[in-house]
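Just the structure for this:
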Amino acid sequence: MPISKSRNSPFDTRDERDGDRLLQIEAVYDRVPVGLCYINRDGVFVTINDQLSRIFGTETSQVVGEQIEAIIPDHAPLLRDTLKAALEGAAIADVEIDISSETFIVAAAPVTNDLGEFAGISVAYTNITNLRKMAQKLQETEQRTSYALESAGQWIWDLNIATMRVWRSPQFRALLGLDPQSAGRESVAWDIVHPEDKPRAIAAFEDVVSGRKPSFEAIYRVTRPDGGVIWILSRGKIVEFGPDGSPLRLLATSVDISAQKRIEEQLSTTVQLRLELEQKLLEANRKLKNQSERDHLTNLPNRRKFNHLLKREFLRATDSGETLVVLMVDIDHFKAYNDFYGHLAGDKCLAQVGRALNKVVKQSGGSVARFGGEEFAALLSATTNDHAVLVARQMLDAVSAMHIQHSGSANGDISVSIGIAVLDGAQGATVNGPDDLLNLADRALYESKRSGRNRLSIWGAFTN
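Numbering: from 1, shown residues only. Presented below is the predicted three-dimensional model:
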């Protein structure tokens, strides 16, 4: 494209060397991807490159020598104002305009002639349509990211490891109930962490910086300006290293997990309450079971508990071939005692006799139960006939030694009668079960009572 020359043109030449320079400028002038033109102080196009001609939708030959109003009437006032500002020496600001659905930045600069006089302005039209679209998309992306972070209760932070300064995205302050734009971009690392949690967060940071762990993860509290506390989960990685491999930047995200923490605390409380309730239920069941197996008057095992123990010990004795002894005990003339002294005295008598019997039997490793009414039953495991007789005599003596007055008794005191049944190897084949053994002891007791009471009998061998 030939460059038109005039008195006011910056491209006026004086010799052939300047002409060669003009040719070089002309080559560059038409190859740049920016629309360029030179407008003299009268508002006339002196030069224009092909790029700007295409922008204006005209031919270059139709533009040179024409007033700006004739070529671009829509924004001619803009260029006139620019000429005026340049003539007055004022600053010329870049202006954004739209031409045929495209956006351009118009930048101008004053041009002087060889005498240093103002000759016109050099104008550049730069197409920023794609840049604007990219900026808009970037803004939309940033906005979507911002909304997503805010909705998820998250923020991003970037820690400069060398300076230990941290940048946090605005969502951080929004989560604290503060103006997101009211503070600077950087602050001291860990300054927001609750003092009690700071050592744990720093330890997690040192683990990832040292390479002991591949990523950073820490849970800590942050105090709000209103005094409230939010729980934070932070995760991140080293994203930049120095030439020597040393870590330079840690990029991480933080999320508000206060709701999850509250649920955890509620769940923990619920679990604790459940455990306490289960413990109370177990204790209550234990007490109920104990009460169901214990006689309330004598505090001895009752008949139900005794039958359970008898079955268990019978199976053990038959499996091992050891001896099992059952003793049935009955208070002599107890009905007469109750009728004469009253039921309160009868209850007291039962309790006293029960304690005396229990003391003797426990010394031999056995157990005593109140079988019903004025009857008691005892078990002795892995013992001999002689030892069973010895224990029975001690039981007789222990009751007699209490000297509980009984006017209806032959000797004037409360006494008991005892029947003994022994399961040993020789009897194992003839005793069919625990009930059979109990019946044998009961028959021996009957024999003691028939023989005059206050005595013991062993089934098959009756002893006074």
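
okay, CA-based contacts and neighbour counts for the rest of this
Fine.

Check what contacts stretch 441-454 and list those residues.
Around stretch 441-454, the neighbours that count as contacts under CA atoms under 8 Å, 6 or more residues apart in numbering are 326-330, 332, 396, 415-421, 455-459, 462.

List only buried entries from the residues you listed.
The neighbour count (16 or more other CA atoms under 10 Å) marks 326-330, 332, 396, 415-421, 455-459 as buried among these.

Tell me the helix or strand right after the host helix or strand of R132.
Element membership for R132 (DSSP states H and E) is helix 129-151. Past helix 129-151, heading to the C-terminal end, the next element that is a helix or strand (DSSP H and E) is strand 154-160.

strands paired with that next one, and their directions?
For strand 154-160, sheet partners with direction are given as strand 165-168 (antiparallel), strand 247-256 (antiparallel), following DSSP bridges.

Point out the most buried one among those.
Stretch with highest mean neighbour count among these: strand 247-256 (a mean of 20; mean count of other CA atoms under 10 Å).

mind listing what's buried in whichever helix or strand comes after that strand?
Using DSSP H and E, the helix or strand that directly follows strand 247-256 along the chain is helix 258-292. Taking 16+ other CA under 10 Å as the neighbour-count basis, helix 258-292 is seen to contain the buried residues S258.

cool, and stretch 436-447?
In stretch 436-447, counting by 16+ other CA under 10 Å, buried: L437, L438, L440, A441, D442, R443, A444, L445, Y446, E447.

Export these as CSV, with columns for pLDDT and secondary structure.
Below are the buried residues of stretch 436-447 laid out as CSV (pLDDT from 0 to 100; DSSP: H, G, I helix; E, B strand; the rest coil):
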residue, pLDDT, secondary structure
L437, 92, helix
L438, 94, helix
L440, 94, helix
A441, 95, helix
D442, 95, helix
R443, 95, helix
A444, 95, helix
L445, 96, helix
Y446, 95, helix
E447, 94, helix
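
and the strands paired with strand 154-160 as CSV, adding distance to N385?
Below are the strands paired with strand 154-160 laid out as CSV (distance: least, CA to CA, whole Å):
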stretch, distance to N385
strand 165-168, 90
strand 247-256, 79
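
Quick check on S417: phi, psi?
According to degrees, to the nearest 10, the main-chain angles of S417 amount to phi -120, psi 150.

In the stretch 51-200 of the chain, what residue spans correspond to helices?
Taking DSSP state H, counting those that start in this stretch as the criterion, the stretch 51-200 of the chain contains helices spanning 60-63, 68-71, 76-87, 129-151, 171-175, 198-210.

Name the stretch among those that sits most buried.
Comparing these by mean neighbour count (mean count of other CA under 10 Å), helix 171-175 ranks first with a mean of 19.

Which other helices and strands does it contact?
Here helix 171-175 is seen to pack against helix 129-151, strand 154-160 when contacts are counted using 3 or more CA pairs under 8 Å, 6 or more residues apart in numbering; DSSP states H and E.

from the buried ones among the contacts of stretch 441-454, which ones fall inside helices?
Counting by DSSP state H, the members of the buried ones among the contacts of stretch 441-454 that fall within helices are L396.

quick one: pLDDT of S409?
The model reports S409 with a pLDDT of 85.

Settle this for me: L456 is touching V391, isn't it.
No: using CA atoms under 8 Å, L456 is not in contact with V391; the gap is 10.5 Å.

longest strand of the protein?
For the chain, the strand that runs over the most residues, judged by DSSP state E, is strand 229-241.

now that strand, how far from the chain's geometric center?
Centre-to-centre, strand 229-241 and its host chain are 17 Å apart (CA atoms, centre = their mean, to the nearest Å).

Counting neighbours, which bits of it end up buried?
Those buried within strand 229-241 under the rule 16+ other CA under 10 Å are I230, W231, I232, L233, S234, R235, G236, K237, I238.

what does stretch 214-229 give?
Within stretch 214-229, the residues that qualify as buried by neighbour count (16+ other CA under 10 Å) are S215, F216, E217, A218, I219, Y220, R221, V222.

Closest to N302 out of those residues?
When these are ranked by distance to N302 (CA to CA), I219 comes first, at 58.6 Å.

ok, and the closest non-adjacent residue to the closest one?
In space, not counting the residues next to it along the chain, I219 is nearest to L233; the distance is 4.6 Å by CA to CA, 6 or more residues apart in numbering.

what bridges to G236?
Judged by DSSP bridges, the bridge partners of G236 are F216, A252.

How much space separates it from W167?
For G236, the distance to W167 equals 14 Å [CA to CA, to the nearest Å].

So which residues of the stretch 351-464 of the chain form helices?
Secondary structure of the stretch 351-464 of the chain, counting by DSSP H, counting those that start in this stretch: helices at 385-400, 434-450.

Distance to Q154 added to these, as JSON lines?
Listed next are these as JSON lines, based on distance: least, CA to CA, whole Å:
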{"stretch": "helix 385-400", "distance to Q154": "81"}
{"stretch": "helix 434-450", "distance to Q154": "74"}
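
For T47, which of those helices is the nearest?
When these are compared by CA to CA, helix 434-450 sits nearest T47, at 127.8 Å.

ok, G65 to V111 distance?
17 Å.

of these two, who's got more company?
Summary of the neighbour comparison: G65 and V111, criterion other CA atoms under 10 Å, with V111 having more neighbours (21 against 15).

just to revisit the earlier point, between the helices of the stretch 351-464 of the chain, which one is nearest to D98?
With respect to D98, and counting by CA to CA, the nearest of the helices of the stretch 351-464 of the chain is helix 434-450 at 110.3 Å.
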